[in-house]
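everything below, folded, please.
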Amino acid sequence: MAFQSPASTTVTPRKSAGVVIFLCFLAIVFDGYDLVVYGAIVPKLLAYEPWGLTAVQTGAIGSYALAGMFIGAILIGYLTDIVGRRKVMMVSIASFSLLMLLTAWAPTPELFGLFRFLAGLGLGGVIPTAIALTVEFSKSNRRNFNNALMFSGYAVGGILAALLSLAFLSTLGFQGMLALGGIPLVAVVPLLFKLLPESPAFLAAKGRRSEAEMIIADYGLEQLPPERADGDTPAKGRFRTLLTGRLLGAMILFCVAGICGQTLVYGLNTWLPQLMVIANYSLASSLSFLLTVNIGAVVGVLVSSRLADKFGPRNVTAISFACSGVALVLMGTGIMPLVVMYFLVGVVGFGSVGAQILVNGFVATYFSGATRATALGITLGIGRIGAVLAISGGGVLVAASLGNFINFSIWAIAAAIGVVAVLAVPRSSPHGSDAKAGGTAATVSDNPVAH
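Prediction:
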């Protein structure tokens, strides 16, 4: 399926905005690769005699990258609105790739953990930048869909990590699998340097309007609104702007929704196979359920994102969360035929990974161009709390032996909270109305180049 670039009604574009979205897709692939490849190398880490790691130590090291992503998403997301999307994307990917190589060559577990943390910083900066660029280079009626299509790179990276691990883990070891994470340094960064333009929203917010208009003409983007004397860059600072007044309430609710989304994504991707084993399914069947989760996520979100573009992301995102919650409760009853269980697992994938992608799109279209990446960085960073809680709390849940219904239904609590949080987001931002088309929060400020 090809990316559709936005076309201007008055100017024939000389360059394809689809190229920008595809570059963002490539960047996100390595987020998925990093998450899944660590799970694949855990047995090799535990068996590596020179380090003598325990399961607890290995789990802690696995969380270091998440901690780095928590900090990186917030800080680098903020820097993106200051120094520009293009620079941040290139530096973040280059630093992540170098640190993956250093992780592969780490002589001690202490340095291994440190490099994992630092790699997470760079990776955390890639995600909000990629989302912001995708939204800004998409038509208003395709922003959620293009964002979902771009973010499917996450699932592609996970599948790639699984396939490469099956093929090469036994010969390359955990060091070799991690070293493959350095490929973007030579394969992606040069492409970004040559093909990635700067964001018109950033340029306009910085007063570089003529440069922004040139990029708009080149890529056939929607036109700049009339220039305003006060500009769009918050005079009192981006963090203060987002954390005061009506936007504070919206930010809190988006962060809660992000925590719920990442709780479901990381919790179920980590613990679903074990939960299915506890429910008396074979390990092979449990792994096939995990594959079904990711297939359901990709297929479901591509459909739901089109609906979000047509009707707005609020209700569609809430329905996604609700679907996953209902499906999890039904799975816990233990009375469903096998074919129905596979269907429910697919629905869970749509309502977990899919809901998180839709939350990202909702945030990106809710805030103006001058604060978009900062808002994404905050919500994605705070959302990592859910990932950490899910990974650690899932182990506690499994160890407690509470029974199948509770094992599955307890995850539905996160889905229910996600529904409430998304529906409670203020209907309009201070910039304008909560429009349906493209899910925009403001018909002017959410223009990709509004300033």
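
flag the shaky bits of the protein, pLDDT-wise.
1-13, 224-241, 243-245, 273, 282-287, 290, 428-451 (pLDDT under 70).

domains in it, by residue range?
Split into domains by automatic domain parsing, the chain comes to 17-219, 238-439.

in CSV: those domains, plus mean neighbour count.
For every residue, glycine as well, the C-beta is placed using N, CA and C. Formatted as CSV, the domains of the chain follow (neighbours: other CB atoms under 10 Å):
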stretch, mean neighbour count
domain 17-219, 21
domain 238-439, 21
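
the stretch 151-300 of the chain: helices as residue ranges?
153-179, 184-187, 189-195, 200-205, 209-219, 238-242, 245-278, 283-311 (DSSP state H, counting those that start in this stretch).

closest one to Arg372 among the ones you listed?
Taking CB to CB, helix 200-205 is the member of those nearest to Arg372, at 6.9 Å.

could I get the helices of the stretch 151-300 of the chain in JSON lines, plus columns for distance to Val363?
Below are these laid out as JSON lines (distance: least, CB to CB, whole Å):
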{"stretch": "helix 153-179", "distance to Val363": "16"}
{"stretch": "helix 184-187", "distance to Val363": "25"}
{"stretch": "helix 189-195", "distance to Val363": "23"}
{"stretch": "helix 200-205", "distance to Val363": "15"}
{"stretch": "helix 209-219", "distance to Val363": "22"}
{"stretch": "helix 238-242", "distance to Val363": "11"}
{"stretch": "helix 245-278", "distance to Val363": "5"}
{"stretch": "helix 283-311", "distance to Val363": "12"}
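
and of these, who's closest to Thr134?
Among those, the nearest to Thr134 by CB to CB is helix 153-179 (10.6 Å).

that closest one: how far from the chain's middle?
Using CA atoms, centre = their mean, to the nearest Å, the mean C-alpha position of helix 153-179 is found 20 Å from that of the whole chain.

indicate which one of the helices of the stretch 151-300 of the chain is closest to Gly122.
helix 184-187 (10.2 Å).

hey, C-alpha coordinates of that closest one in PDB?
What follows is helix 184-187 as a C-alpha-only set of coordinates in PDB (Å, rounded to 0.1, in the frame of the first residue of the first chain):
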ATOM      1  CA  PRO A 184      20.300   2.800  10.400                       C
ATOM      2  CA  LEU A 185      23.600   4.700  10.800                       C
ATOM      3  CA  VAL A 186      24.600   3.700   7.200                       C
ATOM      4  CA  ALA A 187      21.200   2.900   5.700                       C
END
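
can you tell which of the helices of the stretch 151-300 of the chain is closest to Asn147?
helix 283-311 (6.9 Å).

give the next helix or strand downstream of that closest one.
helix 313-332 (DSSP states H and E).

following that next one, which helix or strand shows up next?
From helix 313-332 onward toward the C-terminus, using DSSP H and E, the following helix or strand is helix 338-366.

output the contacting helices and strands for that following helix.
helix 109-136, helix 143-151, helix 245-278, helix 283-311, helix 313-332, helix 372-400, helix 404-424 (3 or more CB pairs under 8 Å, 6 or more residues apart in numbering; DSSP states H and E).
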